[in-house]
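**Student:** one predicted model, sequence on top.
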Amino acid sequence: MELSRRNFLVAMGLGTATVMAGCATTSGSGAPAADASGPAQGDITFLCALFEGATGKETLEGNLLKQFKEKYPDVNVTVDYTDYGSLNEKITTGLASGLMPDVVTLGVGWIPPFAYKNAIAPLPESLATRYTYEERVLEPSRFDGKLYALPMVLDTRIVAYRKDFFEEAGITAPPKDWAELREIAKELTVRDKDGTLQRAGFDPFSIDLRQCWETFLFGNSGELFSADGREVLFDSPEGVAALQLFLDMVADGSADFALTTEAGQPTTLQQGTSAIMMTNNSLYVQLQQQNPELVDKVGTFVLGNTAPAMLQGGTMISQSASSKNPAAARALVEFLGSPDAVLVASEQRGSVPAISDLRDSDYVKGNPMVAFALENLGKARSEGGTPAWMEIREKIKPTLETAVVGQQTAEQAIAQLAGIADDAIARL
Amino acid sequence: MVAPAFLHALIWIGIPVVAAFVLSFTSYDVLTQPRFIGIQNYLDAFGDPVFRRGMLNTLVYAFFTVPVAMAIALLIALMLDTQLRARALFRTAVFIPQVTATIAVALVWLWIYDPRSGLLNAVLSFFGLPAQNWLSSTTWAMPAVITVGIWQGIGLKMLIYLAALQSLPKDVYEAASVDGASRTRQFFSLTLPLLRPATFFVFVTSVISAFQAFDLIYILTDGGPANTTTMMTYEIYKSAFREFRVGYACAQSIVLFVFLLILTLANRRLNGGDSGRH
Amino acid sequence: MAGTDLVAAPPRTTPGSSRTPAARRRLERGALYLVLTVIAVVMVVPFVWMILTSLKTPQDLAATPPSFLPAQWAWGNYAEALAAAPFLTYARNSLIIAVSHTAINLVIASMAGYALARLRFRGSELVFIGFVAALMIPTYTKIIPEFLIVRFMPLFGGNDILGQGGTGWLDTWWALIVPGAVTPFAVFLFRQFYLDLPVELEEAARLDGVSELGIWARIMTPLVKPAFITVALLTFESSWNNFLWPLLVTRTDSMRVIQVGLSVFRTENDTQWAFLMAGTTLATVPMVVLFLLGQKYFVRGFANAGIK
């Protein structure tokens, strides 16, 4: 097939050496995992979606990489900074041209697809036990039983609520399950006399609907895929119920699809237009800057119906399978996964450090929402888990929205999504 | 004289197009070798309800934004093609959306469309009309996006019309006003025909940019709710860079290309060429 | 529609030919100013909003409903935004690229546009259609193949004659400048403007023995000055605002451009709006100044062409 494809290309008049060479070089990434046992030396590139801006650069190159250089004097690291939004484009073009950076930052959910297609190299299992990680935290770094990445910073989706609104209504404790959530949300919803919503009891729509639904799916003891990533499991009653909950709460009048946090505006919780909202642990920094008076009035909790679950996103660090200096690349991955690097990276962007031991650091102690997330990492769950994830991921939100806007039932939307996912898995 | 530009286009656009065409028949995903899969990508594209929706949305978007924005732009260009004292300021003002960062534009429109504190609903309620959930409504999101598209497109079209008006030969007008033709008549029997090359240009480039509308929609609605505002380019972008289905994205691009080609050639045929005087 | 009626006329009609009384003229003029002012406000609001946002404190940004004016003018945002990245280097790079693109595009595209409009050669129609078709390829379709061409550029960046072995044009000025230097948009625009020029002009010049290049440069081009200004402004603007391509083909910080620099204010979960808007304002102001300067040259090419 390989050869005939090439003949085909030539026959199509694509005699340009350039594009041909592109295809030829990519084939290198299909090679078996590179040997990293030699001495760490040579030039490597690091595609980095962390450490933004002048301060980030100073932290990484002025501080961290200096330490790295002392340890590995024969390794030269070139850092290629990118913003998170363009990481995909950088990686796509890098892979296509056979110039995949030696070390890359990747997002949660990306490991199975990249590992499945041999774009990233497995890491020794010993790295998983080097520091204290919650097993859940390492889950998205694994594929086929092997470790492919080290987590650096985590961003968790948590539930935040207004303590002052709870107090006014005489509610003493956050909801323990969905039934309580619905009751409390109804109680906290405020409408003016002509029925216009003044305050929604619950705002699930300010975070991506995909991530919100996943949080509730996991909180209802549901799963996205089977362990081998080949079978869709989210079309279970648990998955349908998670979506149905949003519809029910909209029907209750305690949630509103039109009530979300728009770009550039403060969150609904800050505005007082919601009493409970799905949010990110970065809310704390935002509160400190924008509404210091609310810092003490906002509480957080982990919600579940049958199993409390907190969705974990984040940035991980991997080694390219096509690195020419695998030992040097491995050394950098190990170094960046160490507590020193993890802590400064988390601190710079207000994220949760992936290593549990860092709970005693000044940074974590000074940020209650980060501390809260870190304490609850045992309940962390991650999206992904199938090599077809990239193709499925983008379809989730629009498909779920069809149910929220009333085009079809929750059951139909989930069934449609399962069909899309089955097709994507079949293409593997 | 055309050779340098032609050579440049051949290398930087010609080769990519051929490559995209070839890849559209493969399973290319950047990570593994491209595999020839016949017209499967095209079948997938036409079989995908979301891409079909994107095609429909794109057509609707272009249908509404292009003619309206063109008419407004020409009108403004005519107003600015005068000896008004403040014309430099007005011209700059109309051109400013073209240089304002998309993110800033989106922020303001997001606020205008905000269901609770937004300007639009405030105006509606002043006139006693019911408020709408503009961007989260399957009925209103598309009109809301189209409105922004019209607004955004005016600056560039105005600029080209203005430049074209400035290049019109004066002698014809002098002859016309000596003949005593009214200004309205002059506009329809002189200005408009003389503007034909510019109009053809504005039309073609507007259709193309409407078909490639992306940035603003991405920030305003993210294609939602429930795909009601997704566009072909957005689907192409997602296929290639979010899902790594490069071969599939190439097939989608070829479909888009064919659409545009048909529209442009049809326009040229209908208008019987585009030369002004000859 | 008094306004339209008034302005549909070319400027500087002989004063005597006007049959409207002075009072009606003043009224028309007033109406025109009013309409234009309304339009200008509608167009400028996002720009003003951007500037005002750039001057807000975090507390101001949290105000609901959003306040138009900052409660406290945070001029310090600008200093802080500028310190967040080496913007001076980025601006210099952007300037070099934008100026090169503009200069190359003006010369090469206008030549091509002229040839397509005025010279009859075999396949000219096909070449023209080709340029228009080239406009129709979405950016995201071209970007991977273009990247591959840059990376496998033979004999550059350590590449051999087959384009293997090195990194080609990646991380060089070549990659930043060459691929985007000539736009089909400009070729198309120039062609449309050259189309309308009177044939007599070039025929007279040809009889005088002026070369084709001379006719283009000395006779025809001065007549389409507005087209040149338009292409210059638009090329400069799109080059200055380009983000993805410069990010993809460069690796070292010192080769990056201003729009890439602005992305530091937007991280995965957080955007520093005031700083982003401050940086964006600074990046936009040169464009506005350029336009203000450029629009002055929107004057009739024929006014002093001396043809009759």
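**Tutor:** Happy to help now that I have it. Residues are numbered from 1 along each chain as shown, chains lettered A, B, ... in the order given.

**Student:** the stretch 251-400 of chain A: strands as residue ranges?
**Tutor:** For the stretch 251-400 of chain A, the strands defined by DSSP state E, counting those that start in this stretch occupy A:274-280, A:298-301, A:310-319, A:352-353, A:380-381.

**Student:** partners of the fourth one, with directions?
**Tutor:** Sheet pairing for strand A:352-353, assigned by DSSP bridges, gives strand A:150-162 (antiparallel).

**Student:** only C-alpha atoms, please: export the partner strand in CSV.
**Tutor:** Taking C-alpha atoms only, strand A:150-162 is exported to CSV below (Å, rounded to 0.1, in the frame of the first residue of the first chain):
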residue,chain,number,x,y,z
LEU,A,150,4.2,13.4,33.5
PRO,A,151,1.5,15.8,34.7
MET,A,152,2.7,19.4,35.5
VAL,A,153,-0.2,21.7,36.2
LEU,A,154,-3.9,20.7,36.7
ASP,A,155,-7.0,22.8,36.2
THR,A,156,-10.0,21.4,37.9
ARG,A,157,-13.7,22.0,37.4
ILE,A,158,-15.3,22.5,40.8
VAL,A,159,-18.6,23.7,42.1
ALA,A,160,-18.6,27.2,43.8
TYR,A,161,-21.4,28.7,45.7
ARG,A,162,-22.3,32.0,47.4
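
**Student:** next SSE downstream of it?
**Tutor:** Following strand A:150-162 in sequence order, the next helix or strand is helix A:163-168 (DSSP states H and E).

**Student:** quick check: what element follows that next one along the chain?
**Tutor:** Following helix A:163-168 in sequence, per DSSP H and E, is helix A:178-188.

**Student:** circling back to that earlier point, in CSV: the strands of the stretch 251-400 of chain A, plus distance to C:Phe121.
**Tutor:** All C-beta atoms are positioned from the backbone trio N, CA, C, and that covers glycine. Formatted as CSV, the strands of the stretch 251-400 of chain A follow (distance: least, Cβ to Cβ, whole Å):
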stretch, distance to C:Phe121
strand A:274-280, 62
strand A:298-301, 72
strand A:310-319, 55
strand A:352-353, 66
strand A:380-381, 67
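
**Student:** and the stretch 151-278 of chain B, which of its residues are near chain A?
**Tutor:** B:219, B:222-227, B:230, B:238, B:240-246 (Cβ under 8 Å from any Cβ of the partner chain).

**Student:** pull out the buried residues from these.
**Tutor:** B:219, B:222-227, B:230, B:238, B:240-246 (16 or more other Cβ atoms under 10 Å in any protein chain shown).

**Student:** in helices only, show me those residues.
**Tutor:** With helices taken from DSSP state H, the overlap with those comprises B:219, B:246.

**Student:** confidence score at residue 8?
**Tutor:** Unless you meant another one, I'm taking chain A. pLDDT for A:Phe8: 39.

**Student:** meant chain B actually
**Tutor:** 92.

**Student:** and C:Leu247, by the same measure?
**Tutor:** Model confidence at C:Leu247, given as pLDDT, is 93.

**Student:** before we move on, back to that, mean neighbour count and mean pLDDT for the strands of the stretch 251-400 of chain A - can I get that in CSV?
**Tutor:** CSV is the format used below for these (neighbours: other Cβ atoms under 10 Å in any protein chain shown; pLDDT from 0 to 100):
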stretch, mean neighbour count, mean pLDDT
strand A:274-280, 28, 96
strand A:298-301, 19, 96
strand A:310-319, 26, 95
strand A:352-353, 28, 96
strand A:380-381, 24, 95
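
**Student:** out of those strands, nearest to A:Gly195?
**Tutor:** strand A:274-280 (17.5 Å; Cβ to Cβ).

**Student:** the closest one vs chain B: in contact?
**Tutor:** No. Using Cβ under 8 Å from any Cβ, we find that strand A:274-280 stays clear of chain B, coming within 11.5 Å at best.

**Student:** show me what that strand is packed against.
**Tutor:** Applying 3 or more Cβ pairs under 8 Å, 6 or more residues apart in numbering or on different chains; DSSP states H and E, one finds that strand A:274-280 contacts strand A:150-162, helix A:178-188, strand A:197-203, helix A:268-271.

**Student:** buried ones in stretch B:165-183, by neighbour count?
**Tutor:** Taking 16+ other Cβ under 10 Å as the criterion, stretch B:165-183 shows B:165-170, B:172-173, B:176-177, B:181, B:183 as buried.

**Student:** repeat that for stretch A:286-294.
**Tutor:** A:286-287, A:290-291, A:294.

**Student:** among these, which one lies nearest to A:Glu347?
**Tutor:** Closest approach to A:Glu347 among the buried residues of stretch A:286-294 (Cβ to Cβ): A:Gln286, at 15.9 Å.

**Student:** from C:Thr271, how far out is that closest one?
**Tutor:** 10 Å (Cβ to Cβ, to the nearest Å).

**Student:** cross-check the buried residues of stretch A:286-294 against chain C and keep the overlap.
**Tutor:** A:286, A:290-291.

**Student:** neighbours of C:Ala71, how many?
**Tutor:** 11 (other Cβ atoms under 10 Å in any protein chain shown).

**Student:** am I right that it is in a strand?
**Tutor:** No. Assigned with DSSP: H, G, I helix; E, B strand; the rest coil, C:Ala71 falls outside any strand and is coil.

**Student:** quick one: secondary structure of the closest residue in space to it that isn't next to it in sequence?
**Tutor:** Nearest residue to C:Ala71 in three dimensions, chain neighbours excluded: C:Asp60, at 5.3 Å (Cβ to Cβ, 6 or more residues apart in numbering or on different chains). Under three-state DSSP, the three-state class of C:Asp60 is helix.

**Student:** the residue in the stretch 101-250 of chain A that chain C sits nearest to: what's its closest spatial neighbour, skipping adjacent residues?
**Tutor:** Going by Cβ to the nearest Cβ, chain C is nearest to A:Asp155 of the stretch 101-250 of chain A, at 5.5 Å. Nearest non-adjacent residue to A:Asp155, counting by Cβ to Cβ, 6+ apart: A:Gly313, 4.5 Å away.

**Student:** and the one you found, how far from B:Val68?
**Tutor:** 42 Å.

**Student:** likewise for A:Ala426?
**Tutor:** 44 Å.

**Student:** higher neighbour count, those two?
**Tutor:** Set A:Ala426 next to B:Val68 and count neighbours by other Cβ under 10 Å: B:Val68 wins out with 16 against 9.

**Student:** just checking, that one touches B:Trp151?
**Tutor:** No. Using Cβ atoms under 8 Å, B:Val68 is not in contact with B:Trp151; the gap is 10.2 Å.

**Student:** is stretch A:109-119 positioned near chain B?
**Tutor:** Yes. Legend: contact between stretch A:109-119 and chain B by Cβ under 8 Å from any Cβ is shown at A:113-114, A:117-119.

**Student:** how long is stretch C:267-275 end to end?
**Tutor:** Start-to-end span of stretch C:267-275 (Cα to Cα, to the nearest Å) is 13 Å.

**Student:** can it be found next to chain A?
**Tutor:** Yes. Stretch C:267-275 reaches chain A (Cβ under 8 Å from any Cβ) through C:267-271, C:273.

**Student:** just the buried members of those?
**Tutor:** C:267-270, C:273.

**Student:** could you dump those residues into TSV with pLDDT added?
**Tutor:** Below are these laid out as TSV (pLDDT from 0 to 100):
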residue	pLDDT
C:Thr267	79
C:Glu268	75
C:Asn269	73
C:Asp270	79
C:Trp273	89
